[in-house]
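S.K.: here's a sequence, model it:
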Amino acid sequence: MSSRRDRWAELTGGQAGEEYALRFARLAESGHDVHGEATFCDALLEPAARVLDAGCGTGRIAIRLATLGHLCTGVDLDRSMLAVARRDAPELEWLHGDLAHLDGLDLAPGFDLTLAAGNVIPLLAPGTGPVVARQLSGALRPGGLLVTGMGLDAAHLPLPEPTVTLTEFDDWCTDAGLTLRQRFGTWDGAPYRPEGGYAVSVHSRAAD
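M.R.: I've put the predicted structure just below:
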């Protein structure tokens with residue numbers, strides 16, 4: 001495991017699971033669509049695809065994708081978040097692990113899609129971004145997809161300033177053998193605008 005603490009742990013102390021789940025439960029009760037990420041990913045997938053939710057948190061997205069018929073595995077370093085995921089969907093595979101060391105987990109290779117939503121990339125431990133990109137790419141089958149969503153300014157991050165630019169992120173992906181295929185400004189597919197402060201990106205691993 002990495003000795004460097006990720007920015008999410010610095011913010012929450014690793015005790016945010018129940019509070020995070022309650023936040024989305026309240027949003028759902030008030031009529032908000034809390035399944036935008038899952039809907040977006042489902043549209044990219046064939047039936048019964050294998051999905052790795054990297055930085056899965058409380059499992060909201062993976063659980064929804066599983067109800068849509070996909071085979072989902074979640075990985076997170078925050079035990080409080082995983083405790084909620086395991087309680088809400090004990091039938092799914094939830095693994096405790098560092099995204100910089102996915103190759104040390106008991107993961108069968110060849111996922112159709114790896115997902116890093118919820119500002120996972122900006123909240124990584126400092127200096128681990130390129131390694132995580134390689135690990136996420138390595139978990140994919142040839143032709144598989146990496147889908148990410150991340151804030152690009154303080155208004156879209158739980159941080160005072162961004163920690164990575166899109167150019168830097170794309171460079172990490174290129175070095176990991178990934179190619180940018182699509183980029184949007186929201187999970188509902190709105191066009192990407194640099195001034196919008198948020199990016200949803202679809203990268204693909206080269207097919208053999």
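
S.K.: I'd assumed Arg64 was in contact with Asp88.
M.R.: No: between Asp88 and Arg64 there is no contact under CB atoms under 8 Å: 11.1 Å. Any C-beta I mention is one placed from the backbone N, CA and C, and that applies to glycine too.

S.K.: so the two - more neighbours on which side?
M.R.: Taking other CB atoms under 10 Å, Asp88 and Arg64 do not tie; Arg64 has more neighbours (20 against 14).

S.K.: now that one: closest residue in space that isn't a chain neighbour?
M.R.: Distances taken as CB to CB, 6 or more residues apart in numbering place Ala38 nearest to Arg64, at 3.8 Å, with adjacent residues excluded.

S.K.: shaky segments in this protein?
M.R.: Across the chain, the ranges flagged by pLDDT under 70 are 1-29, 31-34.

S.K.: ranges for the helices of it?
M.R.: Along the chain, counting by DSSP state H, helices occupy 7-12, 17-29, 36-44, 60-67, 79-88, 129-138, 166-175.

S.K.: the last one vs helix 129-138, what angle?
M.R.: It refers to helix 166-175. For helix 166-175 against helix 129-138, the angle by axes from the mean of the first three to the mean of the last three CA atoms, to 10 degrees is 50 degrees.

S.K.: can you list the buried residues in helix 166-175?
M.R.: By neighbour count on 16 or more other CB atoms under 10 Å, the buried set for helix 166-175 is 166, 169-170, 172-173.

S.K.: the third one now?
M.R.: Along helix 36-44, the positions that meet the burial threshold by neighbour count (16+ other CB under 10 Å) are 36-42.

S.K.: still on that earlier bit, just the buried residues of helix 166-175 now: which is nearest His156?
M.R.: Among those, Leu166 lies closest to His156 (CB to CB), at 12.6 Å.

S.K.: who does whichever strand in the chain runs longest pair up with?
M.R.: Determined from DSSP state E, the single longest strand within the chain is strand 140-151. In the sheet, strand 140-151 lines up against strand 111-116 (parallel), strand 198-205 (antiparallel) (DSSP bridges).

S.K.: surely Tyr64 meets His35?
M.R.: Tyr isn't right for residue 64; it's Arg. Yes: using CB under 8 Å, Arg64 is in contact with His35, at 5.0 Å.

S.K.: so how far is Pro90 from the spatially most central residue of the chain?
M.R.: For the chain, Ala116 is the residue whose C-alpha lies nearest the centre (CA atoms, centre = their mean; 1.5 Å). Noted for Ala116: a distance of 24 Å to Pro90, by CB to CB, to the nearest Å.

S.K.: ditto for Glu168
M.R.: Counting by CB to CB, the gap from Glu168 to Pro90 is 38 Å.

S.K.: shouldn't the residue nearest to Arg64 be in contact with Leu68?
M.R.: Yes: here Ala38 reaches Leu68: they are 6.9 Å apart, a contact under CB under 8 Å.

S.K.: thanks a lot, catch you later.
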